[in-house]
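Colleague: When you get a sec, could you give me coordinates for this:
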Amino acid sequence: MTFRSKRYKKESENLSKEPVGLAEAVEKVKSFDSVKFDQTVECVLCLGIDPKQADQLVRGSVSLPHGIGKQKKVIAFCEDADVEPVKQAGALEAGCDELVKKIEGGWMDFDVAIAAPKVMSRVGKLGRILGPQGKMPTPKNGTVTADVVSAVAEFAAGKVEFRNDAGGNIHAVVGKQSFEVQKLTENIEAFVSHIKKVKPQASKGTYIKKISISATMSPSVTVAM
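Modeller: Numbering: from 1, shown residues only. Coordinates of the predicted model:
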């Protein structure tokens, strides 16, 4: 059973059971009593897809207009000539064979892995390690690209990756509770707009069934669509 604090329960009791407009939902999330850290704000979309069907999966990445308030630890699998430019762009580690060995040895202190197509044949062996954690480079979410330098810069600045879960839901960080209402609103609008653009052709019926936003330690607010 999930433990809920008195603060959380009180905030839940004061929430409207009806969906509210996006700006109002953002204001509500920002109004929740703050804890001792700047809470992360997350957007969750319940999609009308069948996650068991490969042609209905939704995954990718998107840069939000105001970032997410956090820099990500990015590594890059690339050729020797690109190591320095990639590090200057924000990569924590860069290279190929030595980096592969380091990860095989158990090192996993990074959030995103970028790879150049030319080295993927050597990086492929890491699939069993990085795959289960969602860190394996793939063209679908923009982490396998010929322009490794630009990709590293974007992801280090907070480019958001997304992937539907087994229930057909998409979870994504859209900012911090300290963000201005307008910035959070614009980030969420950009994210939802992007999800609409990548709707699988095989998906029929209502695509986005529900949208909600919440902060790390606060209840969720349902957004009127």
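Colleague: Could you tell me which residues make contact with residue 93?
Modeller: 75-76, 99, 102, 110 (CB atoms under 8 Å, 6 or more residues apart in numbering). Heads up, the C-betas are built off the backbone N, CA and C, glycines and all.
Colleague: quick one: secondary structure of it?
Modeller: Look at residue 93: counting by DSSP: H, G, I helix; E, B strand; the rest coil, its state is strand.
Colleague: any idea which of the contacts of residue 93 has the most stuff around it?
Modeller: Neighbour tally across the contacts of residue 93 (other CB atoms under 10 Å): the maximum, 32 neighbours, falls on residue 76.
Colleague: That one bridge partners, please.
Modeller: With beta bridges defined as DSSP bridges, residue 76 has these partners: residue 94, residue 114.
Colleague: surely it meets residue 152?
Modeller: Yes: the pair residue 76 and residue 152 qualifies as a contact (CB atoms under 8 Å) at a distance of 5.4 Å.
Colleague: Give me the common contacts of the two.
Modeller: Contacts common to residue 76 and residue 152, judged by CB under 8 Å, 6+ apart, are 86, 91, 114.
Colleague: any idea how far the first one lies from residue 163?
Modeller: By that I understand residue 86. For residue 86, the distance to residue 163 (CB to CB, to the nearest Å) stands at 24 Å.
Colleague: Neighbour count: these two, which is higher?
Modeller: Neighbour tally, residue 86 and residue 163, criterion other CB under 10 Å: the higher count belongs to residue 86, 26 against 16.
Colleague: From the recorded domain assignment, give the ranges for the protein.
Modeller: Per automatic domain parsing, the structural domains of the chain span 6-67+160-223, 74-156.
Colleague: Of the ones you listed, which shows the lowest average pLDDT?
Modeller: For those, the bottom mean pLDDT is recorded on domain 6-67+160-223, which sits at a mean of 91.
Colleague: Run the chain-centre distance for it.
Modeller: Domain 6-67+160-223 sits 11 Å away from the centroid of its parent chain (CA atoms, centre = their mean, to the nearest Å).
Colleague: what do you get for stretch 151-158?
Modeller: The mean C-alpha position of stretch 151-158 is separated from the chain mean by 12 Å, CA atoms, centre = their mean.
Colleague: again with stretch 138-157
Modeller: With CA atoms, centre = their mean, you get 14 Å for stretch 138-157.
Colleague: Could you tell me the end-to-end distance of it?
Modeller: One end of stretch 138-157 to the other measures 19 Å (CA to CA, to the nearest Å).
Colleague: Just want the phi and psi numbers for residue 22.
Modeller: The phi/psi pair for residue 22 (degrees, to the nearest 10) reads phi -60, psi -50.
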